[in-house]
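Engineer: Pasted the sequence and its predicted model underneath.
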Amino acid sequence: MSMLDKFTAMMRGFNQSGIRGLRRALSDKLDATFSIKPDAPETLIPDEYINLLLKFTSAAIGKPGDILEVGVYKGGSLYRIAEHIDRYHRQDFRSRSLIGIDTFEGHPSINRDKDPAHHFMGRFNDTSYKKVISYFKKFPFVRLIKGECGLVFSQFPPDQRFCMVHIDVDIYDSCVRCIEYIYPRLSPGGIMVFDEYQGYGQKEFINAYFKDKPVSITLRTGLPDGKDYGIIIYNNATTKTDAS
């Protein structure tokens, strides 16, 4: 019997149960914890960055507070975080929320003195709140909020806290609003991840704001060429920051 005949006979004997077992084995070996599915929203974020967000989600989940993403766009990264929580941290997260905020109409403003030239008012408006929220029906802990971030923040309760925050707003004014609202409400040990830092107008503000704060700042690394322009801020405070 030729090698081809032997291989054909082997494959005929490989029943559906064997195939399912192989799929499970391969799934268990995969390092990435997000899934690529036809019904999952798309994202512009590289896989390496998604895995970094999932790592920080797991690291911060033991701290008090909700998880927040500002700059949801089409929902890709928020969906992967929701999947990760549902798979690994459902019990830990049962009384908390994963909150996503976006205008779903693109950039609400532009600061020509601060924002890079390739950003303009209305950029990233090729999305829809109705479509994005449809992806999250199976995740009861997800709150998707449409609106400009500053206005949304004003509607949160006085005791609002966060354990991990992903800020992907691109533009200066929105970034400033995020920092001024979120950091005083970031739990000790909490993490803030900024997608934009190097080459963006908010870099100067971030440096000045956190200069005297009890934080550790790390440049984001490990992404494909040209994508490592973000920053990670760890809250080293041992007590709650006064949010008044």
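Structural biologist: Done, it's in.

Engineer: After the helix or strand bottoming out on mean pLDDT in the chain, heading C-terminal, what element do we hit next?
Structural biologist: When the helices and strands of the chain are scored by mean pLDDT, DSSP states H and E, helix 16-29 comes last with a mean of 44. Per DSSP states H and E, helix 16-29 leads on to helix 47-60 as the next helix or strand towards the C-terminus.

Engineer: For that next one, which outside residues touch it?
Structural biologist: Contacts of helix 47-60 with the rest of the structure, by CB atoms under 8 Å, 6 or more residues apart in numbering, involve 31-34, 43, 45, 67, 77, 80-81, 84-85, 88-89, 163-164, 166, 189-191, 193, 195, 220, 222-224, 227, 230, 232. Bear in mind the C-beta positions are built from the backbone N, C-alpha and C, glycine included.

Engineer: And stretch 78-94, by the same measure?
Structural biologist: 33-35, 40-41, 43, 50, 53-54, 57-58, 61-62, 67, 69, 72, 98, 100, 135-136, 138-139, 141-142, 144, 166.

Engineer: And the buried ones among those, selectable in ChimeraX?
Structural biologist: A single ChimeraX command selects the buried members of the contacts of stretch 78-94 (16 or more other CB atoms under 10 Å):
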select :33,34,41,43,50,53,54,57,58,61,67,69,72,98,100,135,136,139,141,142,144,166
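
Engineer: What is the host helix or strand of Val193 packed up against?
Structural biologist: Val193 is part of strand 186-194, with elements assigned from DSSP H and E. With contacts defined as 3 or more CB pairs under 8 Å, 6 or more residues apart in numbering; DSSP states H and E, strand 186-194 has these neighbours: helix 47-60, strand 162-167, strand 231-235.

Engineer: check contacts around Arg70.
Structural biologist: One thing to correct before we go on: residue 70 is Val, not Arg. So Val70 contacts Ile101, Asp102, Cys149, Val165, His166, Ile167, Asp168, Val169, Ser174, Cys178 (CB under 8 Å, 6+ apart).

Engineer: who does it bridge with?
Structural biologist: Ile101, Ile167 (DSSP bridges).

Engineer: gap between Tyr183 and Val176?
Structural biologist: 11 Å (CB to CB, to the nearest Å).

Engineer: Give me whichever of the helices and strands packed on strand 186-194 is most buried.
Structural biologist: Among the helices and strands packed on strand 186-194, judged by mean count of other CB atoms under 10 Å, the one packed with the most neighbours on average is strand 162-167 (a mean of 25).

Engineer: List the contacts of stretch 118-131.
Structural biologist: 73-74, 102, 104-110, 144, 146, 170-171.

Engineer: and the two most separated of the residues you listed?
Structural biologist: Ile110 and Leu144 (24.5 Å; CB to CB).

Engineer: SS state for Glu204?
Structural biologist: Glu204 falls in the helix class when you classify it by DSSP: H, G, I helix; E, B strand; the rest coil.

Engineer: Offset the numbering so it begins at 21, please.
Structural biologist: Noted, 21 is the first residue going forward, which turns the last one into Glu224.

Engineer: and it, how many neighbours?
Structural biologist: By other CB atoms under 10 Å, the residues close to Glu224 number 11.

Engineer: so how far is Lys157 from it?
Structural biologist: Counting by CB to CB - Glu224 and Lys157 are separated by 41 Å.

Engineer: now swap in Tyr254 and tell me
Structural biologist: Counting by CB to CB, the gap from Tyr254 to Lys157 is 34 Å.

Engineer: Equivalent analysis for Lys223, please.
Structural biologist: Distance from Lys223 to Lys157, by CB to CB: 38 Å.

Engineer: again with Phe230
Structural biologist: 38 Å.

Engineer: again with Lys151
Structural biologist: 12 Å.
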